[in-house]
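>>> sequence first, predicted model second:
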Amino acid sequence: MNALCIAGGRVLRPDCSVEDADVVVDRDAGRVQDVGEGIAAEYDGQTLDAEGGVVMPGLVNAHTHAAMTLLRGYADDKPLGSWLREDIWPAEAALEAEDVRAGTELGIVEMIRSGTTAFADMYFEVPEVAAAVEESGMRARLGHGVVTVAKDDEDAAADIEESLRVAREFDGAAGGRIETAFMPHSLTTVGEEFLRESVATAREEGIPLHFHANETADEVSPIVDEHGTRPLSYADDLGMLTEEDFLAHGVHVDAKEIELLAARGTSVIHCPASNTKLASGIAPVQEMLDAGVNVGIGTDGAASNNDLDVFDELRDAAMIGKLGADDAAAVPAAAAVTAATAGSADAVGLPGGRIEKGEAADLIVVDFDAPHLAPAHDAVSHLAYAVRGSDVRHTVCDGQVLMEDREVQTLDEERVVETARERAASLVKRAE
Ligand SMILES: CSC[C@H]1O[C@@H](n2cnc3c(O)ncnc32)[C@H](O)[C@@H]1O
Ligand SMILES: [Zn+2]
């Protein structure tokens, strides 16, 4: 067997227990071969040193727009509607394919460096996003975001066709590391007739759906006014809530909508930093978990976060979850860590999220030697409340080492950062 041994660390298991163990990976299969104390000695192959560290599943960023790294810090301190209309959409109107490639690569480098092995991405120029994912060795579920408002019927239909086309074309790309979805931007930015027809097509072809929903209060009232019902019952009527589908935000959901999500098995991707920065509101995460809704974690784009560090995000989820519930016991450490690993992987329907024999070999080693992690009474507490993305020592996806000793192996980090700087500067000029 072509083995990779992650040796000498403590391993986070799916039940959030932590044990001294080595992890042996079958590199050809991209799967965990075995987990156990001292087993690395039985195998030949590449070894990654996990001494003094915790081996855990790679984080899954279940909702992002990776190329928006180019717009990091471009427009701040505004609510969602004016931020999008006054700043972001005008800038995005000037996007070229090369911008998306450069911004996605920058996002990917940032994610690999902070321990993310998979992500779900809604953006434009999906072939460029897919090429960046393929080169980087990460795993991703990709889609072209559709907006039909302010478009004539022909342009709207073309946008939908593009989203369905890339969903068909790129599913299974990069040796199966890329899967796809049909991604209508939101329930208010895609018209009902367009949704009705395109969702039916996606359903017939078995293509899952990902969309923004119930993000701000401003987004709820127009749906209630126009359709006489809450957004998620409207989405349900359109056939948009199945076990394969996942929606981003779910901030302004009432008890009936939470029940509906649980009944349909639709996952919610919680984006606490973006919801805080845009003052969108506090998602009822503990209520959703109590109702049996699967919750994943996403950063959203770097322009509303402003980074793609999922460790930051899961800490925000745990902290803000307590504030929202007015209960310090809400969204405890283990729940936040599980949401960012197994919860996110299950939500987006990608392998990973658990270190277990036979599971995908998507894992990271987190260094526990840093002063801000001493003492370590409880590893799971640290993973939720104290670890930073910069504590990640190694990142492995599908059995391939993407970062070793903080050196990204698959992309040229210096070139990626420089190109992204250049493309961001030229994008801003083109948008003026
Ligand atoms: C049509 S591709 C995706 C589209 O979404 C925009 N976007 C970024 N962040 C958010 C958010 O928090 N809510 C809604 N839409 C968002 C992004 O700029 C792209 O235009
Ligand atoms: Zn988003």
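That came through, no problem. Ligands and ions are numbered 1, 2, ... in the order given.
>>> for stretch 274-285, buried residues please.
Residues of stretch 274-285 classed as buried by neighbour count (16 or more other CB atoms under 10 Å): Ser274, Asn275, Thr276, Lys277, Leu278, Ser280, Gly281, Ala283, Pro284, Val285. (Each C-beta comes from the backbone N, C-alpha and C, glycine too.)
>>> enumerate every residue touching the first one.
This means Ser274. Contact analysis of Ser274 by CB atoms under 8 Å, 6 or more residues apart in numbering lists His249, Ser280, Thr299, Asp300, Gly301, Ser304, Asn305.
>>> take those residues and keep only those in strands.
His249 (DSSP state E).
>>> quick check, nearest of the contacts of Ser274 to Gly8?
Nearest to Gly8 among these is Thr299, at 30.9 Å by CB to CB.
>>> how many neighbours does that closest one have?
33 (other CB atoms under 10 Å).
>>> repeat that for Asp49.
That count, for Asp49 with other CB under 10 Å as the rule, works out to 16.
>>> was I right to think it contacts Ala7?
Yes. Taking CB atoms under 8 Å as the definition, Asp49 is a contact partner of Ala7 at 6.7 Å.
>>> the closest residue to ligand 1 within the stretch 51-200 of the chain: helix or strand, and which one exactly?
Using CB to the nearest ligand atom, the single residue of the stretch 51-200 of the chain nearest to ligand 1 is Gly145, 2.4 Å away. Assigned by DSSP states H and E, Gly145 belongs to strand 139-146.
>>> wondering if the helix or strand where Ala202 lies reaches ligand 1 at all.
Assigned by DSSP H and E, Ala202 belongs to helix 192-204. No. Judged by CB under 6 Å from any ligand atom, helix 192-204 and ligand 1 are separated, with a smallest distance of 13.7 Å.
>>> so which elements touch that helix?
The contact analysis (3 or more CB pairs under 8 Å, 6 or more residues apart in numbering; DSSP states H and E) places helix 192-204 against helix 153-170, strand 183-184.
>>> find the nearest non-adjacent residue to Asp307, please.
Of all residues not flanking Asp307 in the chain, Glu110 sits nearest, at 6.8 Å (CB to CB, 6 or more residues apart in numbering).
>>> show me what counts as buried in the helix or strand where the one you found lies.
Per DSSP H and E: Glu110 is located in helix 97-113. The neighbour-count criterion (16+ other CB under 10 Å) identifies 99-113 as the buried residues of helix 97-113.
>>> export the buried residues of stretch 274-285 as a markdown table, with columns for secondary structure and distance to Glu414.
Below are the buried residues of stretch 274-285 laid out as a markdown table (DSSP: H, G, I helix; E, B strand; the rest coil; distance: CB to CB, whole Å):
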| residue | secondary structure | distance to Glu414 |
| --- | --- | --- |
| Ser274 | helix | 29 |
| Asn275 | helix | 34 |
| Thr276 | helix | 32 |
| Lys277 | helix | 29 |
| Leu278 | coil | 32 |
| Ser280 | coil | 36 |
| Gly281 | coil | 40 |
| Ala283 | coil | 38 |
| Pro284 | coil | 43 |
| Val285 | helix | 38 |
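>>> adding pLDDT and distance to ligand 1, write those residues out as JSON lines.
Below are those laid out as JSON lines (pLDDT from 0 to 100; distance: CB to the nearest ligand atom, whole Å):
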{"residue": "Ser274", "pLDDT": "98", "distance to ligand 1": "5"}
{"residue": "Asn275", "pLDDT": "98", "distance to ligand 1": "8"}
{"residue": "Thr276", "pLDDT": "98", "distance to ligand 1": "11"}
{"residue": "Lys277", "pLDDT": "98", "distance to ligand 1": "9"}
{"residue": "Leu278", "pLDDT": "98", "distance to ligand 1": "6"}
{"residue": "Ser280", "pLDDT": "98", "distance to ligand 1": "7"}
{"residue": "Gly281", "pLDDT": "98", "distance to ligand 1": "12"}
{"residue": "Ala283", "pLDDT": "98", "distance to ligand 1": "13"}
{"residue": "Pro284", "pLDDT": "98", "distance to ligand 1": "18"}
{"residue": "Val285", "pLDDT": "98", "distance to ligand 1": "17"}
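>>> all good on my end, thank you.
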